[in-house]
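**Q** Output the structure for:
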Amino acid sequence: MSVNAREEEYEHVELFGRPALFTNSRIDRGTVPEGFHCYDLRGSDRDPGKPTTVENRVVVNHAGTVLTAEPITIPREGFRRLRGGRQNYGYIVETEHYRYCLRCNPGPGDYQAYLAAFDLRVQRMNMKQKTPAQDCGLEDGIGDQTPEQGITMGGL
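**A** Predicted coordinates for the structure are as follows:
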């Protein structure tokens, strides 16, 4: 179901270094005010709510819609990659027998933190190939891509 762009409430965001308006809803393109450009955000298969690309239209894994005053260049393949919706921060503290991993991904009005504790003896036996950051879930193993500057939530 699409909503009227003129009646929707938006969050101010920055998209590729430029101001934009964001909503979780699908926007009826016929209601977009003149002078604005409308794009959909696609979420990942693992987390449909986390935007990964910006596209002209998204049917599956719709993560939101943005309105911009300037057009966004969409490559021939039909999408432009985002760097991610939030900045993640990770901290690792090791004692003699334990590793504590804290992952935080703050967003306006929503602050999430995850704390995990690992027995180092078990970790050394089972996780010899992983780095401490991967062990704590701070690295996702997608280092072979060069992401562009993406969407940043927050004020203008």
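**Q** where do the helices sit along the protein?
**A** If DSSP state H is used as the criterion, the helices of the chain fall at 120-126, 132-135.
**Q** Would you single out the least confident of the ones you listed?
**A** With a mean of 55, helix 132-135 has the lowest mean pLDDT of the helices of the chain.
**Q** Quick check: phi and psi at Asn56.
**A** According to degrees, to the nearest 10, the main-chain angles of Asn56 amount to phi -60, psi -40.
**Q** ok, it - contacts?
**A** Counting by Cβ atoms under 8 Å, 6 or more residues apart in numbering, Asn56 makes contact with Tyr39, Asp40, Ile74, Gly78. From N, CA and C alone the C-beta is placed, and that goes for glycine too.
**Q** buried subset of the residues you listed?
**A** Neighbour counting by 16 or more other Cβ atoms under 10 Å classes Tyr39, Asp40 among the contacts of Asn56 as buried.
**Q** quick one: which of the contacts of Asn56 is nearest Arg26?
**A** Asp40 (7.4 Å; Cβ to Cβ).
**Q** any idea how far Leu102 is from the closest residue to the closest one other than its chain neighbours?
**A** Using Cβ to Cβ, 6 or more residues apart in numbering and skipping the chain neighbours, the partner closest in space to Asp40 is Val58 (3.7 Å). Distance, Val58 to Leu102, by Cβ to Cβ, to the nearest Å: 33 Å.
**Q** the more surrounded of the two?
**A** Val58 (20 against 15; other Cβ atoms under 10 Å).
**Q** remind me which residues of this structure are low pLDDT?
**A** 84-89, 105-111, 123, 126-156 (pLDDT under 70).
**Q** Now with 80, please.
**A** Residue ranges of the chain with pLDDT under 80: 1, 45-49, 83-91, 103-114, 123-156.
**Q** could you pull out the strands for it?
**A** For the chain, applying DSSP state E gives strands covering 2-3, 11-15, 18-23, 26-27, 37-43, 51-55, 62-68, 80-81, 89-94, 98-107, 110-119, 151-153.
**Q** Of all those, which one is nearest Met125?
**A** strand 110-119 (9.7 Å).
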